[in-house]
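Colleague: What follows is a predicted protein model with its sequence.
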Amino acid sequence: MRLRGDGLAVLPALAFVGLFALLPVALLFVVALANIGGAPGLVSVLSNPLNRAAIQNSLVQGGLSAVVAVAIGYPVGLFFGRYDWPGRAALRSFLLVPFLLPSLVVVFGILDVFGPSGLLTSANPAFGWLGSGLPAIVAANLVFNTPIVVLFTATGAEVASADLEETVAVLGGSPARAYLDSWGPPTWVGAAVGGLITFLFSGLSFAPPLLLCGPRCYTIEVQVWSLYQQLFQPNAAAVLALVMVLLFLGPTALYLLLLGRLRALPGGRARRIPLREGGAAGLALAALSVAVLAAEFGLLGSVLYRSLAPTTGGAVGGAWTALFSSTTTERLGISAVGLIENSLLFAAAASAIAILLGVTLGYAVVRRPGRARSVGLLLFLPLLISPVLLAFSLAELWRPLFGGAPNVWLLMVVSQATLAVPFALQSLEIPLAGLSPAAREAAESLGARPFGAFLDADLPRVRSGLASAGLFAFALGLGEFTATYFLWIPRFTTLPVALVLLSQDRLVAAENAAVALLLLLSLAVFAALQFGGRRVEL
Amino acid sequence: MSSSRPLLSVEGLSAAWDRTPVLRSISLDLNEREFLVLLGPNGSGKTTLLRCLAGLERTSAGRIRLDGADVTDLPAYRRGFGLMSQEPALFPHRTVYENIAYAPLLKRRPRSEVEEDVGHLIELVHLGGLEDRYPQTISGGERQRVALARALAARPKVVLLDEPFAAIDVEVKAGLHAEFREVLRLAGTAAIHVTHDREEGLFLGDRVGLLFDGALEAIDRPLDLYQHPRSVRAATFLGYNILEGPSGPVALGPGDLTFGPPGTTGLPATVVSAGTTGRETLLVLRTDDGRRVEVRLPLGGQWPPGTRGVLGWDPATVRPLPREPAPTGATSPKSSGRLENP
């Protein structure tokens, strides 16, 4: 069978996902199951108390975080989706910031505020309970995930049919009935999508349990890392990783199903109530939203404050001096400038891969829209693979083939790109689906070849989506810690990895500046993303 | 209810969006079983008026009385209107039957009574056999029938129809007009129907109102309204040609004009384009003073563009119109090409 040109366009993505995600993971599992020693070996892994505790921790931390995130995020999402107030659109876009933040910024932010010498704990020791253990982990998970629940809930409210809501009212249904029968269900789908992704992210989280609690709170993700990197039991680590995939397969499938359903809602005229007409309910939701946003951004503010506050025995801004000092360079084996260069370079490479895949897949989808579903599924497959599992499998299969440590940076880039692609290319999905073929057909009728017509007529119309995809991948790559920490060697230290090394050595001043630097870089990417987003002309 | 009191009475209703008036002191009455049509161009406030009546938009002044009760300040769900718009807004997760039964069940009417009512309505709107289908699986016309049945099942005092056929195919639309009118007559429900389609409006309405810029300019029986336009704007909307007469503007219907050879008495004009509607020949002419005029003639004849001729008319068909106040700084109409009796 001969593949047509537009069929070939799927190959780069297929090859990328196949070679750098599915194949290594499949081989890892096959080899581990072959070497684990049959059923007794499996039983041994599964009955290990630490492994069982990790499974329990994943479910508890994921479940608790999801429930609390939905409890807080749902009403705030209603406030964003149902009410109209000055600055709503700008603030709504800011909700994306925590999602793009490196996990370590939030973890260190929690420590800055609630840790033993945190800002609030210093003022009142009662706040200390949020600085470590399960409460601290859940708090960190909430910082990331509550805004996601808010965004999905708001999306549900925004796509709810105003016509249907008005119909219920005209037919005699009370506002409560209108909520139940017309605009409520899409918000439930949105909240469920947000809750499920919170469960997935939190159940598979790495940095919060590792840095805020320790072994008693390890999730499966951290336990797999520990089995491989600390206990040198690769087969046991792989089997536990397989358990993790199986355990999270159902929620991931449900997440994708509900996400598809949310996106399939027709949308149209949205009903938004001016806040001044919102009554007591509107004001209560407003107050809750202000509190949540204040907590979110207060945490980030504390990170910046810590980097500027006078260091012990030092001056204002001493943290930044410490970061760029020779002491820090000696400890890390690389200068702060080198850290920044590595981080930016790897993130840029991951971003380039995402854009390349976006262009080729865009062409494939535009040429044959019926492919959109299978292409979407292909891109979502890496979601089933956690960062540790990805890095683990890449290290096992590709590190020897890539020539070992000197070229491990390639694997770091590949892992960052693989983890970012499912989220980054979502920016392209809707613009591509909305493209009218008229301009492309006109270009072809004027003599352009199919790919030329795509470049001339289609790509310019989705360029902002493509730019967003690239920036999204860049932001996620910049802050990626888990897979990078797994693969890292000193020469290729990135800012997030350096942050943990500085923390381990208690170089607090340099650590404070490194967290702030990571935050500022992420905010800069976010600002670029917003700028890119505003240029959307579809 | 006393027979002299209108079913619906609207007095001085006004509404504004961000201080821009969209409805200006509208007053109208609707009698029991009456089918009132409100005609107007896009942006004239038709939809807003219906939404204000239904309680879906805020009003800035005026009162709405339905069956003697002041409903102006009641929320939509307590008013007792039915509303159907271009978008049928059916519940996608409910069957045809469940959509229609929605309001009666909401009002906790006995299930046997609901079944009887819904069965009757399904028969009335010719939806037999589709009861268990979902909205996505039926045609646009059928969806509108479901929407009408659902609105009627709530037993509204007045049904408000907001261009419900605008998105329906022309062939289906023609049949649905008459069918809906008949269903409403059989159900004994009064209705206000708004549309920008003058033929549709004049055909359907017991009375027809003309709405321009948020104000109700006229309301009358269809033939009276058509034969006695009260302004240049109304005459233009109703399809008349506007010419300048000796004492002001006049309206002449396209069918009231003739187009004869040069040299006869009348107004000289030139053919811009000519074509057939299938039943008659339609000429688009331009008078020497630059006015566009449409003439409908019996089928036949050759009218190449550029053909010169003279417009003629029966003086009895000339409808004088009031001269509209000239905008500040406007010049007086040109004297050349004024209409003189042929």
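Modeller: Yep, it's here.
Colleague: Residue in the stretch 301-450 of chain A with the shortest distance to chain B?
Modeller: The stretch 301-450 of chain A approaches chain B most closely through A:R373 (18.4 Å), counting by CB to the nearest CB. For every residue, glycine as well, the C-beta is placed using N, CA and C.
Colleague: List the residues that contact the closest residue to A:L212 other than its chain neighbours.
Modeller: Once flanking residues are discounted, A:L212 sits nearest to A:A136: 4.2 Å by CB to CB, 6 or more residues apart in numbering or on different chains. Contact analysis of A:A136 by CB atoms under 8 Å, 6 or more residues apart in numbering or on different chains lists A:I110, A:F114, A:L130, A:P208, A:L212, A:C213.
Colleague: and the nearest residue to A:L332 once chain neighbours are set aside, what does it touch?
Modeller: Nearest residue to A:L332 in three dimensions, chain neighbours excluded: A:A498, at 5.4 Å (CB to CB, 6+ apart). Going by CB under 8 Å, 6+ apart, A:A498 touches A:L332, A:I334, A:L339, A:A514.
Colleague: repeat that with 7 Å
Modeller: Counting by CB atoms under 7 Å, 6 or more residues apart in numbering or on different chains, A:A498 makes contact with A:L332, A:L339, A:A514.
Colleague: so of the residues you listed, which ones are in helices?
Modeller: A:L332, A:L339, A:A514 (DSSP state H).
Colleague: and the first one, what pLDDT?
Modeller: Think A:L332. We have a pLDDT of 89 for A:L332.
Colleague: where's the residue nearest to the spatial centre of chain A, which helix or strand?
Modeller: Centroid check for chain A by CA atoms, centre = their mean gives A:F99 as the closest residue, at 5.5 Å. Using DSSP states H and E, A:F99 falls within helix A:97-100.
Colleague: buried ones in the one helix or strand A:F451 maps to?
Modeller: Using DSSP H and E, A:F451 sits within helix A:450-453. Across helix A:450-453, burial judged by 16 or more other CB atoms under 10 Å in any protein chain shown covers A:P450, A:A453.
Colleague: Would you mind pulling up the elements that the helix or strand that that helix is followed by packs against?
Modeller: Following helix A:450-453 in sequence order, the next helix or strand is helix A:463-479 (DSSP H and E). The elements that helix A:463-479 packs onto, with contact taken as 3 or more CB pairs under 7 Å, 6 or more residues apart in numbering or on different chains; DSSP states H and E, are helix A:336-367, helix A:408-424, helix A:426-433, helix A:508-534.
Colleague: Backbone dihedrals for the residue nearest to A:L332, both of them.
Modeller: With angles defined as degrees, to the nearest 10, A:A498 sits at phi -60, psi -40.
Colleague: can you check A:T493 too?
Modeller: According to degrees, to the nearest 10, A:T493 has phi -60, psi 140.
Colleague: With B:N241 instead?
Modeller: The phi/psi pair for B:N241 (degrees, to the nearest 10) is phi -90, psi 140.
Colleague: Settle this for me: it is touching B:R292, isn't it.
Modeller: No - contact between B:N241 and B:R292 fails when scored by CB atoms under 7 Å: they sit 8.0 Å apart.
Colleague: Those two - which one has more neighbours?
Modeller: B:N241 (22 against 12; other CB atoms under 10 Å in any protein chain shown).
Colleague: per-residue confidence at the more buried one?
Modeller: You'll see B:N241 listed with a pLDDT of 94.
Colleague: Return the set of residues that bridge with it.
Modeller: Beta-bridge partners for B:N241, by DSSP bridges, are B:L252.
Colleague: What is the burial count for B:V22?
Modeller: Counted with other CB under 10 Å, the neighbours of B:V22 add up to 20.
Colleague: Tell me who's in contact with it.
Modeller: Neighbouring residues of B:V22 by CB under 7 Å, 6+ apart: B:A15, B:A16, B:G45, B:T48, B:G214.
Colleague: Near the fourth one, how many other residues are there?
Modeller: When you say that, I think you mean B:T48. That count, for B:T48 with other CB under 10 Å as the rule, works out to 23.
Colleague: per-residue confidence at it?
Modeller: Per-residue confidence (pLDDT) for B:T48: 95.
Colleague: Give me the nearest residue to it, chain neighbours excluded.
Modeller: Distances taken as CB to CB, 6+ apart place B:V22 nearest to B:T48, at 5.1 Å, with adjacent residues excluded.
Colleague: Let me see the backbone angles for B:G62.
Modeller: According to degrees, to the nearest 10, B:G62 has phi 100, psi 170.
Colleague: What lies in contact with stretch A:290-299?
Modeller: Applying CB under 7 Å, 6+ apart, the external contacts of stretch A:290-299 come out as A:I72, A:V76, A:P98, A:G109, A:V113, A:V143, A:T146, A:P147.
Colleague: secondary structure class for B:P268?
Modeller: Assigned with DSSP: H, G, I helix; E, B strand; the rest coil, B:P268 falls in the strand class.
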